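In: just a sequence and a predicted model for now, questions to come.
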Amino acid sequence: MILCADNISLSRGARLVLDQVSIRLEPGKITAICGANGAGKSSLLMALAGLLETKAGCVLLAENELSGLHPQIRAQRIGYLPQEAEIAWDVAVENLVRLGRMPYRDRGDAAVEAAIAALDLEGLRHRPASQLSGGEKARALLARVLAGEPQWILADEPLAALDLAHQQTLLSHLRKAANAGAGVVIVMHDLAAAMNHADRVIVLSEDEFAGHVAADGAPEEALSAHNIKRVWGVDARWIGEPGARALITY
Ligand SMILES: Nc1ncnc2c1ncn2[C@@H]1O[C@H](COP(=O)(O)OP(=O)(O)OP(=O)(O)O)[C@@H](O)[C@H]1O
């Protein structure tokens, strides 16, 4: 089930944020969206989740316009994790994760338990959400998305609040989801994580007019030292082996 932005332009307030962006995302892969602050990454992800209206162009899921899908069906297909997610209800972690089943209106015990195990939340399952640390909250919210077993997982900086071990665990679960056929799209600032874990990297860049796609391809190409200099203005070079690269900046 292909997810596609077809020549979309987006405004936030009076500002044109993205101008005529087209991307075609394939399931079974991890796609990272990278770029400088304000380049439009979160806006693009929200549009792909059907949560931000496009000014021109449209988002297509399996060639159907996303805006025409019933919200419940859309929620079954696409799981979205916002950048700074708030927990509206102070429920216990287990019940928070179970909210991920709302689009199906079932208990989905197996999916809920799998999500709790995937995000290492067993020891926290009875803890009220209000008593979680930032990283624990981030894991619980991602577990809620996973519990919905969506065909597309769209996550905005899911690694940002996580410690190293939980970053690795999360990335390995996203890889498992991709291997099982889900499409995974992650906004990330950590270019080394994108280089080592993504199958494809889309780099957004902003000119004086609006955000656009500055590079799109395999991580080694999209995040070449040349593109890092061009987009972020930083001199950098990669060291290490494929899959275990580190970025040296100078
Ligand atoms: N609700 C809003 N109203 C007006 N402008 C907004 C709104 N939300 C975002 N913007 C602007 O839209 C542009 C793109 O924002 P967006 O959050 O998509 O960028 P981003 O690439 O995700 O940034 P960051 O890396 O800082 O999270 C920015 O210039 C931002 O200031």
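Out: Yep, it's here.
In: quick one, strands of the protein?
Out: Taking DSSP state E as the test, the strands found in the chain are 3-12, 15-25, 30-35, 56-61, 64-65, 78-81, 152-156, 183-187, 200-206, 211-217, 236-241, 244-249.
In: quick check: closest non-adjacent residue to Glu63.
Out: With sequence-adjacent residues excluded and distances taken as Cβ to Cβ, 6 or more residues apart in numbering, Glu63 is closest to Ile2, at 7.4 Å. (Each C-beta comes from the backbone N, C-alpha and C, glycine too.)
In: and the one you found, backbone torsions?
Out: phi -80, psi 140 (degrees, to the nearest 10).
In: surely it meets Pro27?
Out: Yes - counting by Cβ atoms under 8 Å, Pro27 is a contact partner of Ile2 at 7.4 Å.
In: mind checking which of these two has more residues around it?
Out: Between Ile2 and Pro27, counting by other Cβ atoms under 10 Å, Pro27 is the more crowded of the two (16 against 12).
In: list the contacts of the closest residue to the more buried one other than its chain neighbours.
Out: Closest residue to Pro27 apart from its sequence neighbours, by Cβ to Cβ, 6+ apart: Gly183 at 4.0 Å. Taking Cβ atoms under 8 Å, 6 or more residues apart in numbering, we find Gly183 in contact with Met1, Leu3, Leu25, Glu26, Pro27, Gly28, Lys29, Thr31, Gln151, Trp152, Ile153.
In: would you mind measuring from the fourth one to the ligand?
Out: By that I understand Glu26. Going from Glu26 to the ligand by Cβ to the nearest ligand atom, to the nearest Å gives 23 Å.
In: again with the fifth one
Out: Here the distance between Pro27 and the ligand works out to 23 Å (Cβ to the nearest ligand atom).
In: mind pulling the model confidence for that residue?
Out: As predicted, Pro27 sits at a pLDDT of 96.
In: mind listing what it touches?
Out: Met1, Ile2, Leu3, Gln151, Trp152, Ala178, Gly181, Ala182, Gly183.
In: now it: phi and psi?
Out: Torsion angles, degrees, to the nearest 10, at Pro27: phi -70, psi 160.
In: cool, and Gln151?
Out: Here is the backbone geometry of Gln151 (degrees, to the nearest 10): phi -70, psi -30.
In: what number of residues lie near it?
Out: Neighbour tally, Gln151, other Cβ under 10 Å: 18.
In: same thing with Ser22?
Out: Considering only other Cβ under 10 Å, Ser22 is surrounded by 12 other residues.
In: OK, contacts around it?
Out: Going by Cβ under 8 Å, 6+ apart, Ser22 touches Cys4, Ala5, Asp6, Asn7, Ile8, Gly57, Val213.
In: just put those in CSV and tack on pLDDT, distance to Leu146 and neighbour count.
Out: Below are those laid out as CSV (pLDDT from 0 to 100; distance: Cβ to Cβ, whole Å; neighbours: other Cβ atoms under 10 Å):
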residue, pLDDT, distance to Leu146, neighbour count
Cys4, 95, 24, 19
Ala5, 96, 24, 23
Asp6, 95, 28, 17
Asn7, 95, 31, 13
Ile8, 95, 27, 23
Gly57, 95, 30, 18
Val213, 94, 28, 20
